[in-house]
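**Student:** sequence and predicted structure are below.
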Amino acid sequence: MDPPLSLAREVIARCRTLAAYTEEPGFTTRRFLSAPMHDVHARVRSWMEEAGMSVRIDAAGNIRGSYNAAQPAAKRLMIGSHLDTVPRAGAFDGVLGVILAIALVNLLAGKRLKYAIEVVGFSEEEGVRFGVPFIGSRALAGFVDDELLNYRDADGLSVLDAIHAFGLDPSRIGEARIVDDSLGYVEFHIEQGPVLESLDLPIGIVEAIAGQSRFDVIFEGKANHAGTTPMNLRRDALAGSAEWISVVEREAQATPGLVATVGRLEAHPGAGNVIAGSARATLDVRHPKDAVRQKAAASLLTCAEQIARRRGLSVTWESRLDQASVAMDASLLDTLRDSVTRSGYAVHSMISGAGHDAMIMARRMPAAMLFVRSPGGISHHPDETVLPEDVAAALVVGRTFLEQLHD
Ligand code: GLV
Ligand code: MN
Ligand code: MN
């Protein structure tokens, strides 16, 4: 079977087209329901309609294209990924999975299967705007609660406000939930790491996704004059958080398989001649084993308390996420492995260190994922890219998977 290389090139071009829709000119920054998501929806809608799907946008801002089965009462296979991005992102994280799914429907050329297909572009997976990820897939899987809807962004707007401002009706969010029987959920995604490249493989099968804990950690001290306050009389919240951040790095380095990251730190009042009275840091902790992750997170928070006490500071934290690691569905994995072999590629199974919507969807239906090699292992960066041959491999495997899947 010839790899559909020209279609792969088209998929890549479409991802790059969407990368131009951004909150920040010159970069790709597109947070949950930010204004450029309207343009993304318009483009994705036209590509979905062209592939023969009927399209709707649900109240959580997910764009959903339905491709009917041969028979009306058939079950449905869901294929998707997310359309939001981290700040200054690449063009492929999430977006590739949505565009590739549409291309798979294109490849059917109007042929109807025994099952329906729903392609979904999730509105939010990165957790950037509200510090909490998976808003889109949580709505589909039915795990939206008042706590989530009332989180606030840096401008003080809640998730509810954001949904309103985008022109959607948050009171209808319950309608986003999938209630009927689905065959499963499949997600195509870039690997975002160096493993496939090191093995010289275009694609890999995800067997499980590592769990993650996320917190906001707030150090409180006393703002004061930077020129007149002697060093021994300061309660510098930023210096305290800096000490703690280096402990976070050291502890993670000392624990096999553990990754821990402080990716954001805000000092207040934030002036060069004022000792910081408070500092707010994010903490992201991940490990394939939940017990190791939870123990490490608890220990890092205890370290924050110890450092704060010694420095005359106080520290509090807010838990944003405690997501267990998730195994992918054994039966879908079998079909995926078989499809990889039939397509002439080597089977390589791996664990994802990155979080994915598949983690949430797996709580509602069987879920599986296929990774596409990330050149240079680079992701969450404008240099993120994919090779046309690898996207073609994913298309061939995806097409075979659709043929092999039974309703
Ligand atoms: C999503 O990109 C994550 O943070 O794993
Ligand atoms: Mn992603
Ligand atoms: Mn990401």
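**Tutor:** That came through fine. Ligands and ions are numbered 1, 2, ... in the order given.

**Student:** and Leu258, how many neighbours?
**Tutor:** Leu258 has 19 neighbours, counted by other CB atoms under 10 Å. For glycine as for every other residue, the C-beta is placed from the backbone atoms N, C-alpha and C.

**Student:** any idea how far it lies from Lys295?
**Tutor:** Per CB to CB, to the nearest Å, Leu258 is found 10 Å from Lys295.

**Student:** thought Ala304 was touching Ile218, still the case?
**Tutor:** No. Using CB atoms under 8 Å as the test, Ile218 is too far from Ala304 to be in contact (9.7 Å).

**Student:** looking at the two, which is more packed in?
**Tutor:** Per other CB under 10 Å, whichever of Ile218 and Ala304 has more neighbours is Ala304, with 27 against 19.

**Student:** and Ile245, what element?
**Tutor:** According to DSSP states H and E, Ile245 maps onto helix 237-254.

**Student:** next: Ala346.
**Tutor:** Using DSSP H and E, Ala346 falls outside every helix and strand.

**Student:** residue contacts, it?
**Tutor:** By CB atoms under 8 Å, 6 or more residues apart in numbering, the contact set of Ala346 is Leu201, Val340.

**Student:** give the residue farthest from the middle of the protein.
**Tutor:** Distance from the C-alpha centroid of the chain, by CA atoms, centre = their mean, peaks at Thr228 (46.1 Å).

**Student:** look up how far Arg234 lies from that residue.
**Tutor:** Remark: distance between Thr228 and Arg234 (CB to CB) = 11 Å.

**Student:** element containing Leu283, please.
**Tutor:** Leu283 belongs to strand 278-287, assigned by DSSP H and E.

**Student:** taking the mean pLDDT, what do you get for that strand?
**Tutor:** Taken as a whole, strand 278-287 has an average pLDDT of 98.

**Student:** partners of it, with directions?
**Tutor:** strand 211-220 (antiparallel), strand 259-261 (antiparallel), strand 265-268 (antiparallel) (DSSP bridges).

**Student:** Serialize these to CSV and add fields for mean pLDDT and distance to ligand 1.
**Tutor:** Listed next are the strands paired with strand 278-287 as CSV, based on pLDDT from 0 to 100; distance: least, CB to the nearest ligand atom, whole Å:
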stretch, mean pLDDT, distance to ligand 1
strand 211-220, 97, 7
strand 259-261, 98, 9
strand 265-268, 98, 17
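
**Student:** which of these is buried the deepest?
**Tutor:** With neighbours defined as mean count of other CB atoms under 10 Å, the strands paired with strand 278-287 peak in mean count at strand 211-220, which reaches a mean of 22.

**Student:** strand partners of the next helix-or-strand element following it, parallel vs antiparallel please.
**Tutor:** Counting by DSSP H and E, the element after strand 211-220 in chain order, helix or strand, is strand 224-225. Take DSSP bridges as the rule and strand 224-225 pairs in its sheet with strand 274-275 (antiparallel).

**Student:** not counting the strand it pairs with itself, show me its contacts.
**Tutor:** Counting by CB under 8 Å, 6+ apart, Gly221, Lys222, Ala223, Asn224, His225, Ala226, Thr229, Arg234, Arg235, Asp236, Leu238 sit against strand 274-275.

**Student:** could you measure from the first one over to ligand 1?
**Tutor:** To ligand 1, Gly221 is 30 Å away according to CB to the nearest ligand atom, to the nearest Å.

**Student:** pretty sure that residue contacts Asp236?
**Tutor:** Yes. Assessed by CB under 8 Å, Gly221 is found in contact with Asp236 at 5.6 Å.

**Student:** elements contacting the helix holding Ile245?
**Tutor:** strand 211-220, strand 259-261, strand 265-268, strand 278-287, helix 290-310 (3 or more CB pairs under 8 Å, 6 or more residues apart in numbering; DSSP states H and E).
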